[in-house]
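Asker: have a look at this prediction, sequence included:
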Amino acid sequence: MNRLQTFYGTSIGKKIVVAITGVIMYGFVIGHMLGNLKAFGGATALDQYAEMLREIGKAFLGHGTFLWIARIVLIAAVIGHVTTVILLSRINSASQPTRTIRRRNASTLAAKWMAISGTLVLLFIIIHIAQFTLGWITPHASGTTGFETGMVYSNLWGAFNIWYVALFYVAMMAMVCLHVYHGAWSMMQTFGLDAPDRNALIRGSAAAIAISLFIGFSAVPIAMLTNAISKPPAMDELQSADASAIQIEVIR
Amino acid sequence: MNEPQKTLSVRLRIWRQPIGNSNGQFVEYGVNDIPVEASFLEMLDILNEQLVESGEDAVAFESDCREGICGTCSLVIDGLPHGEGQCTTCQLQMRNFKDGATITVEPFSTGAFKTIKDLVVDRSPLDRIIESGGYVTVHSGPKPEPNSIPIEEDVVEDALDASACIGCGACVAACPNGSASLFTSAKIGHLALLPQGQTERYGRVRKMVEAMDNEGFGSCRNYAECQASCPKNISIKYIGRMNKDYIHATIHGGDNRGPVKAT
């Protein structure tokens, strides 16, 4: 315990906590993006995928338990990441140069914008959960079905048919892209896994993953806004949530 | 035939801060008839002669060897530590400036480097980081045979690259967080690579990292501005190695000596 306290007391210890919590969120974000691509398989594919997430480990843990474990781990990661970064930036603002510094342009835009992109992403996470998980903020285009729990595809469709909602999501994904690019390769340095002979690979992979995340995440709102993918089935044709659950059983 | 220009004139905006005072201000001075062969510090010597002759207080700045190896000179010139080139301040030449240029000169001041007077900052925090762990254990017996410890060539070169650090503090001055990670990691990396440094390797990294934090330096955010400002081209790869050794030290505990137990 004492060793852990000393560890967290140093700047490197804090950076490692930021890196570990970052890895957890990074893994989640990649999985989330890949899951979102199910939208291109149509409304049933996406809604079934969403239901499947609740079913992971059902045989052992029961319905939705794994999802809650994942949620708790992720919330803990977000809290750990944000509080540690705040602690670090307090130290950093006390130690920064007391004169105006000019940079030699060694630092990338992503590096300079870490605090800005991080704050925006945090706000985005809150809005995003309030919108699509809790259903507290539910803007939807006229003529579309309103928010209904479990109707993932239709909920997305209603929201992304408003141009500013789609634009907000695409802009926030650009922030995620910037943040994870600098985050991913800095994490390798924090763990001491960087070396000059593999830095090009590390930075290249970080950039490739960041760009893939941006494209993968932006694809759904843009496709829905431009009607490039099929509309959700009309409300009266929709089976009830219970019926779709039965359908899943049948498929299995 | 036109003679090439032999002298130049510049305007200087110099940070003046009286001793024992935490506030200062920029004061403008004009310096004329500077020989083009003069170095930047020689130009400041010319200014100081003028100031002394007119009964004013000379501008305080640090310098020693003036050949780029001691790390004493420490000026922020036009917002960049050691000026535009990636060299020490003393190696900056007046021929690199335009005639009639206005040059801003500031100290290496950060949260951890407090200004003592004018352009002189207190860099003793760096000395205290070294004191905390920058040493190796040697036996006190007769002089060992030279070359008795074989070391691979590339490892020696890597250690010597780290040992090239002259401790000028430009990395701290250039870092937006005022972090001393490059300095500390170079000192740790130098000893951690050599067989002589293995005994205290993991105790050293903990002591030096804790000393670095206690001196009020910031944390590394991977801006890489330190590397771009280092007159000795120290690579940020040493920061990654320091982190790796620090993780190892936290998991496995202190240095390699350990307690000796009789069975």
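Answerer: Thanks, I have the structure now.
Asker: please make it C-alpha for all contacts and neighbour counts, starting now.
Answerer: Fine.
Asker: so where is the stretch 1-150 of chain B shaky, pLDDT-wise?
Answerer: For the stretch 1-150 of chain B, the stretches with pLDDT under 70 are B:1-4.
Asker: again with the stretch 101-250 of chain A
Answerer: Counting by pLDDT under 70, the ranges of the stretch 101-250 of chain A that qualify are A:234-250.
Asker: so what's the residue in it that chain B sits nearest to up against?
Answerer: Proximity of the stretch 101-250 of chain A to chain B (Cα to the nearest Cα) peaks at residue A:192, 4.0 Å away. By Cα atoms under 8 Å, 6 or more residues apart in numbering or on different chains, the contact set of residue A:192 is B:239-245.
Asker: which of the residues you listed come close to chain A?
Answerer: B:239-245 (Cα under 8 Å from any Cα of the partner chain).
Asker: for the chain, what's the longest helix?
Answerer: This is for chain A. helix A:65-95 (DSSP state H).
Asker: my bad, chain B
Answerer: Per DSSP H, chain B has its longest helix at helix B:237-252.
Asker: list the buried residues of that helix.
Answerer: If you call a residue buried by 16 or more other Cα atoms under 10 Å in any protein chain shown, then helix B:237-252 has these buried ones: B:237-247, B:249-250.
Asker: can I get it as CSV, trimmed to CA atoms?
Answerer: Output in CSV follows, covering the C-alpha atoms of helix B:237-252 (Å, rounded to 0.1, in the frame of the first residue of the first chain):
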residue,chain,number,x,y,z
LYS,B,237,14.2,7.8,-25.9
TYR,B,238,15.9,8.1,-22.5
ILE,B,239,12.6,9.3,-21.0
GLY,B,240,10.9,6.1,-22.1
ARG,B,241,13.7,4.1,-20.6
MET,B,242,13.5,6.0,-17.3
ASN,B,243,9.7,5.2,-17.2
LYS,B,244,10.5,1.5,-17.9
ASP,B,245,13.1,1.4,-15.1
TYR,B,246,10.7,3.3,-12.8
ILE,B,247,7.9,0.7,-13.4
HIS,B,248,10.5,-2.1,-12.7
ALA,B,249,11.6,-0.4,-9.5
THR,B,250,8.1,-0.1,-8.3
ILE,B,251,7.2,-3.7,-8.9
HIS,B,252,10.5,-5.3,-7.7
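Asker: name the helices or strands packed onto it?
Answerer: Applying 3 or more Cα pairs under 8 Å, 6 or more residues apart in numbering or on different chains; DSSP states H and E, one finds that helix B:237-252 contacts helix A:163-190, helix B:181-193, helix B:201-214.
Asker: again, only using 10 Å
Answerer: Helices and strands touching helix B:237-252, by 3 or more Cα pairs under 10 Å, 6 or more residues apart in numbering or on different chains; DSSP states H and E, are helix A:2-9, helix A:11-36, helix A:163-190, helix B:153-163, helix B:181-193, helix B:201-214.
Asker: angle of the second one against helix B:201-214?
Answerer: Relative orientation of helix A:11-36 versus helix B:201-214 (axes from the mean of the first three to the mean of the last three Cα atoms, to 10 degrees): 90 degrees.
Asker: so helix A:11-36, near chain B or not?
Answerer: Yes - using Cα under 10 Å from any Cα of the partner chain, helix A:11-36 reaches chain B at A:11-16.
Asker: up against chain B, what does the stretch 101-250 of chain A have?
Answerer: So the stretch 101-250 of chain A meets chain B at A:101-112, A:114, A:182-183, A:185-196, A:199 (Cα under 10 Å from any Cα).
Asker: repeat that with 8 Å
Answerer: Counting by Cα under 8 Å from any Cα, the residues of the stretch 101-250 of chain A lying close to chain B are A:101-108, A:111-112, A:186, A:188-196.
Asker: so which helix or strand takes in the residue of the stretch 101-250 of chain A closest to chain B?
Answerer: Under the criterion DSSP states H and E, no helix or strand holds residue A:192.
Asker: what's in contact with stretch B:208-223?
Answerer: A:10-12, A:88, A:91-96, A:106-108, A:111-112, A:186, B:111-112, B:125-126, B:128-130, B:132-134, B:175, B:177-181, B:184, B:188.
Asker: circling back to that earlier point, pLDDT on the longest helix of chain B, on average?
Answerer: Here helix B:237-252 scores 93 as its mean pLDDT.
Asker: and the angle from it to helix A:2-9?
Answerer: Using the same axes, to 10 degrees: helix B:237-252 against helix A:2-9 is 160 degrees.
Asker: circling back to that earlier point, got JSON lines for the buried residues of helix B:237-252, with distance to residue B:204 too?
Answerer: Shown next, in JSON lines, are the buried residues of helix B:237-252 (distance: Cα to Cα, whole Å):
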{"residue": "B:237", "distance to residue B:204": "18"}
{"residue": "B:238", "distance to residue B:204": "15"}
{"residue": "B:239", "distance to residue B:204": "15"}
{"residue": "B:240", "distance to residue B:204": "16"}
{"residue": "B:241", "distance to residue B:204": "13"}
{"residue": "B:242", "distance to residue B:204": "10"}
{"residue": "B:243", "distance to residue B:204": "13"}
{"residue": "B:244", "distance to residue B:204": "13"}
{"residue": "B:245", "distance to residue B:204": "10"}
{"residue": "B:246", "distance to residue B:204": "9"}
{"residue": "B:247", "distance to residue B:204": "13"}
{"residue": "B:249", "distance to residue B:204": "9"}
{"residue": "B:250", "distance to residue B:204": "12"}
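Asker: phi and psi next, for residue B:76.
Answerer: Phi and psi for residue B:76, reported as degrees, to the nearest 10, are phi -100, psi 110.
Asker: for it, which non-adjacent residue is spatially closest?
Answerer: Residue nearest to residue B:76 in three dimensions, not counting chain neighbours: residue B:106, with 4.9 Å by Cα to Cα, 6 or more residues apart in numbering or on different chains.
Asker: for residue B:81, see how far away the residue nearest in space to the middle of chain B is.
Answerer: For chain B, residue B:168 is the residue whose C-alpha lies nearest the centre (Cα atoms, centre = their mean; 1.8 Å). As defined by Cα to Cα, to the nearest Å, residue B:168 lies at a distance of 10 Å from residue B:81.
Asker: anything in contact with each of those two?
Answerer: residue B:74.
Asker: near chain A, which residues of the stretch 1-150 of chain B? Just list them.
Answerer: Counting by Cα under 8 Å from any Cα, the stretch 1-150 of chain B sits next to chain A at B:78-80, B:106, B:108-112.
Asker: neighbour-wise, which of the residues you listed leads?
Answerer: residue B:108 (32 neighbours; other Cα atoms under 10 Å in any protein chain shown).
Asker: test my guess that it contacts residue B:76.
Answerer: Yes - with contact defined as Cα atoms under 8 Å, residue B:108 reaches residue B:76; the gap is 6.0 Å.
Asker: related to what we said a few turns ago, the ones next to chain A among the contacts of residue A:192: which two are farthest apart?
Answerer: Greatest spatial distance among the ones next to chain A among the contacts of residue A:192 (Cα to Cα): B:239 and B:245, at 9.9 Å.
Asker: contact partners for residue A:139?
Answerer: A:158-159.
Asker: and it, that's in a strand?
Answerer: No - looking at residue A:139 with DSSP: H, G, I helix; E, B strand; the rest coil, it is coil, so not inside a strand.
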